[in-house]
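> I would like the atomic coordinates for the input below:
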Amino acid sequence: MRKQIRMTAAVLLAAGMLAGCSNGAKETETTSANDSKHTEIRVAAAASLKNAFENELIPMFEEQNPDITVTGIYDSSGKLQTQIEEGLDADVFMSAAQKQMNALNDEGLIDTESITDLLENKIVLIVPSGNAAELKNFADIQEAASIALGDPASVPAGQYAEEALTNLGIWDKIQDKVSFGSNVTEVLNQVTASSADAGIVYATDAASMADKVEVVAEAPEGSLAKPVIYPVAVVKKSAHPQEAKTFEAFLKSDEAMSVFASYGFSAGS
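Numbering: from 1, shown residues only. Down below sits the predicted model:
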């Protein structure tokens, strides 16, 4: 009798353990199902957007959209263009000039209908705080002993600088003084460290280091053929097009535009 009772108890215990395993499996499946709802999108953006994106916009977006995580990839727009052409896993592209966006769109790599000229910036001449070189206007850049500029081959700020200085008849006169940076942040850092006497960056970059650099002047009217426009769009091969469109829509919102304005950007034309 006791032997039969022990056998019955063992059977019940085994059944309970199997049920527990079954419930555990269901919990794991549920957890896995919940995890699958969380999406990461990657935003390839011009280096001059990093502060606004990382400090405020991405945290704001993720708070409003808890199922979406945004990872920023920042560099010169030309380098990002090349990386997207080579297969960079990006969902959204925001460049510091229309040239790179237009090139990718012509290659069929951008969702054409999603392209928006979102922001406008300005190109400015900066010097280290104190302005030891005593520069007063854009043309005075030729008086500086050392100059930091973005590389025109890949950096929109460098392309704008080349255009403005060429139209002012200065470009060819300063080549032996120029150090080219791979993105606009490098140019800014050279001037803040006083390793360059002058540099040309975006107004928003200068504003981010207002305690370390002085703005001498904006690019003179007529020295640039077109305004400095930042377009944004969804990458056509995005693995998460709906989430990418949600992020782009957020960037167009009044609250996001207010953040951009606080960093010195204005609405694109």
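> apart from its neighbours in sequence, what residue is nearest Glu162?
Nearest non-adjacent residue to Glu162, counting by CB to CB, 6 or more residues apart in numbering: Pro152, 4.5 Å away. Using the backbone N, CA and C atoms, a C-beta is placed for each residue, glycine as well.
> now do the contacts for the one you found.
Contact partners of Pro152, counting by CB atoms under 8 Å, 6 or more residues apart in numbering, are Gly158, Gln159, Ala161, Glu162, Phe180.
> partners of Gly150 in the sheet?
Using DSSP bridges, the bridge partners assigned to Gly150 are Gly181.
> isn't it right up against Gly158?
Yes - under the criterion of CB atoms under 8 Å, Gly150 makes contact with Gly158 at 2.9 Å.
> neighbour count: those two, which is higher?
Each of Gly150 and Gly158 has its neighbours counted (other CB atoms under 10 Å); Gly150 has more, 31 against 26.
> for Lys236, see how far away the more buried one is.
Distance from Gly150 to Lys236, counting by CB to CB, to the nearest Å: 28 Å.
> just Ala219 next, same as before
Taken as CB to CB, the span from Ala219 to Lys236 is 33 Å.
> repeat for Leu165
Leu165 is 36 Å from Lys236, by CB to CB.
> ok, Glu62 next?
24 Å.
> low-confidence ranges in the stretch 1-150 of the chain?
Applying pLDDT under 70 to the stretch 1-150 of the chain flags residues 1-36.
> that one: helices as residue ranges?
2-36, 50-52, 58-64, 77-85, 98-106 (DSSP state H, counting those that start in this stretch).
> distance check, the residue nearest to Glu162 against Ala97.
11 Å.
> need the residues touching each of these two.
Taking CB under 8 Å, 6+ apart as the contact rule, Pro152 and Ala97 both touch Gln159.
> so Tyr202 is in contact with Glu120, correct?
No - in this structure, Tyr202 is not within contact of Glu120 by CB under 8 Å, at 10.4 Å.
> and the two? which has more neighbours close in?
Neighbours per residue (other CB under 10 Å) separate Tyr202 from Glu120, with Tyr202 holding more: 29 against 15.
> that one and His240, how far apart?
30 Å.
> just give the nearest non-adjacent residue to Ser195, would you?
Once flanking residues are discounted, Ser195 sits nearest to Ser146: 7.3 Å by CB to CB, 6+ apart.
> touching, that neighbour and Ser179? I think so.
Yes - assessed by CB under 8 Å, Ser146 is found in contact with Ser179 at 6.7 Å.
> circling back: Leu165 and Lys236: which has the busier surroundings?
More crowded of Leu165 and Lys236, by other CB under 10 Å: Leu165, with 25 against 16.
> list the buried residues of the host helix or strand of that one.
Assigned by DSSP states H and E, Leu165 belongs to helix 156-167. Within helix 156-167, the residues that qualify as buried by neighbour count (16 or more other CB atoms under 10 Å) are Pro156, Ala157, Gly158, Gln159, Tyr160, Ala161, Glu162, Glu163, Ala164, Leu165.
> can you add distance to Ser262 and pLDDT and give the contacts of Pro152 back as TSV?
Output for these, formatted as TSV (distance: CB to CB, whole Å; pLDDT from 0 to 100):
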residue	distance to Ser262	pLDDT
Gly158	26	95
Gln159	26	95
Ala161	25	96
Glu162	30	97
Phe180	30	96
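> now the two most distant members of the residues you listed.
Gln159 and Phe180 (11.6 Å; CB to CB).
> joint contacts of those two?
With CB under 8 Å, 6+ apart, Gln159 and Phe180 have common neighbours Gly150, Pro152.
> excluding its backbone neighbours, what's nearest Leu104?
If the residues on either side of it in the chain are set aside, Leu104 comes closest to Ile110, at 4.8 Å by CB to CB, 6+ apart.
> that neighbour against Pro231, yeah?
No - using CB under 8 Å, Ile110 is not in contact with Pro231; the gap is 9.4 Å.
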